[in-house]
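Enquirer: Sharing a model prediction with you, sequence too.
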Amino acid sequence: MSDTRFARLLAVALVALTLFNFPMIEVIERWSELSGVALVPVYFFGAWAGVIALAAWLLERESGGEP
């Protein structure tokens, strides 16, 4: 595995760790309490989809789309 690929995957992992850390979830929970709408499931789905899309985009960009 190349150094740039490893660095990109590490960056994606750190972004995911930040998004799913307790303080971020607590912020979303507070917004849910204020608005009265359940935002936590939407946040989890959106953040997870974003992490997957970011990882796919970064890995495909380096390989040029070839298997």
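Expert: Sure, I can see it. Since this is a predicted model, take the numbers as computed values, not measurements. Residues are numbered from 1 along each chain as shown.
Enquirer: Only C-alpha atoms from now on, for both contacts and neighbour counts.
Expert: Fine.
Enquirer: I'd like the average pLDDT over stretch 31-48.
Expert: The predicted model assigns stretch 31-48 a mean pLDDT of 92.
Enquirer: Relative to W31, how far out is A16?
Expert: Distance, A16 to W31, by Cα to Cα, to the nearest Å: 20 Å.
Enquirer: now swap in L59 and tell me
Expert: For L59 relative to W31 (Cα to Cα), the value is 34 Å.
Enquirer: ok, T4 - how many residues close by?
Expert: By the measure other Cα atoms under 10 Å, the count of residues near T4 is 10.
Enquirer: Could you do W57 as well?
Expert: 12.
Enquirer: Quick check: buried residues in whichever strand or helix holds G46?
Expert: Using DSSP states H and E, G46 maps to helix 40-63. By 16 or more other Cα atoms under 10 Å, the buried positions in helix 40-63 come out as V40, Y43, A47, V51, L54, A55, L59.
Enquirer: now swap in stretch 22-31 and tell me
Expert: Going by neighbour count (16+ other Cα under 10 Å), the buried part of stretch 22-31 is I25, I28, E29.
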